[in-house]
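Asker: Need coordinates for the below:
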Amino acid sequence: MSEQQSGYGAPQPLTTGPLAGWLSWGAGLDPFETLCGPLAFRIEADGRARAAFVPERKHLNGSGAIHGGALMTFADFALFALSHHTLAGQHAVTVTLNCELAGAGTLDGPVYAEGRVMRETRSLVFMQGWLEQNGATIATFSGVLKKVRRS
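Answerer: Down below sits the predicted model:
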């Protein structure tokens with residue numbers, strides 16, 4: 001299966017930091033993810049994809065918790081990371097992203113995204129997932145990706 005993925009080509013391994021060895025479209029390949037990240041994913045031994053980011057001060061809101069917008073940005077990244085094998089090199093865009101913020105994230109450890117493809121059609125991928133930190137669910141999300149032709 002090709003490692004090519006939507007948008008900016010094949011994800012690249014991070015070479016430094018706590019997510020070294022994980023894959024990312026950031027690192028200059030996706031300008032927004034580079035700004036917000038690093039956002040990364042890897043394929044676990046059982047074949048499932050898992051995404052992660054390590055929160056920094058730049059991800060916090062005025063109350064000292066991870067900003068809801070940062071969690072939603074990560075959830076959007078996770079849609080693509082968790083459907084990496086399903087998309088198998090096809091270009092896709094986010095059609096919908098629904099997030100329910102269920103708890104406050106902190107600077108105390110990585111945030112992980114897990115989930116699954118619920119359904120795939122010829123042109124759409126339906127996803128559900130959750131974000132957790134230190135074993136606690138801090139958000140749930142669902143979304144739809146639309147497969148599109150590259151121009």
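Asker: give me the low-pLDDT residue ranges for the protein?
Answerer: 1-9, 26-29, 151 (pLDDT under 70).
Asker: Contacts for the longest helix seen in it, please.
Answerer: Counting residues, the longest helix in the chain under DSSP state H turns out to be helix 68-82. Taking contacts as C-beta atoms under 8 Å, 6 or more residues apart in numbering, the residues outside helix 68-82 that touch it are 5-7, 25, 32-33, 36, 39, 41, 49-51, 53, 55, 59, 61, 87, 92, 94, 97, 99, 101, 105, 111, 113-117, 127, 129, 131, 138-139, 141, 143, 145. Using the backbone N, CA and C atoms, a C-beta is placed for each residue, glycine as well.
Asker: ok, and the closest non-adjacent residue to the residue most central in space within the chain?
Answerer: Centroid-nearest residue in the chain: Ala78, 2.1 Å away (criterion: C-alpha atoms, centre = their mean). Spatial nearest neighbour of Ala78, excluding adjacent residues (C-beta to C-beta, 6 or more residues apart in numbering): Ala113 at 3.6 Å.
Asker: ok so the one you found is a strand residue?
Answerer: Yes: assessed with DSSP: H, G, I helix; E, B strand; the rest coil, Ala113 lies in a strand.
Asker: Strands of the protein, residue ranges please.
Answerer: 12-13, 23-24, 39-43, 49-53, 91-101, 111-120, 124-133, 136-148 (DSSP state E).
Asker: Now mean neighbour count and distance to Ser83 too, for these, in a markdown table please.
Answerer: Listed next are the strands of the chain as a markdown table, based on neighbours: other C-beta atoms under 10 Å; distance: least, C-beta to C-beta, whole Å:
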| stretch | mean neighbour count | distance to Ser83 |
| --- | --- | --- |
| strand 12-13 | 14 | 18 |
| strand 23-24 | 24 | 14 |
| strand 39-43 | 23 | 10 |
| strand 49-53 | 24 | 8 |
| strand 91-101 | 15 | 8 |
| strand 111-120 | 18 | 5 |
| strand 124-133 | 20 | 5 |
| strand 136-148 | 18 | 6 |
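Asker: Turn those into TSV, including distance to Ala65.
Answerer: Formatted as TSV, these follow (distance: least, C-beta to C-beta, whole Å):
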stretch	distance to Ala65
strand 12-13	30
strand 23-24	24
strand 39-43	19
strand 49-53	15
strand 91-101	10
strand 111-120	12
strand 124-133	11
strand 136-148	9
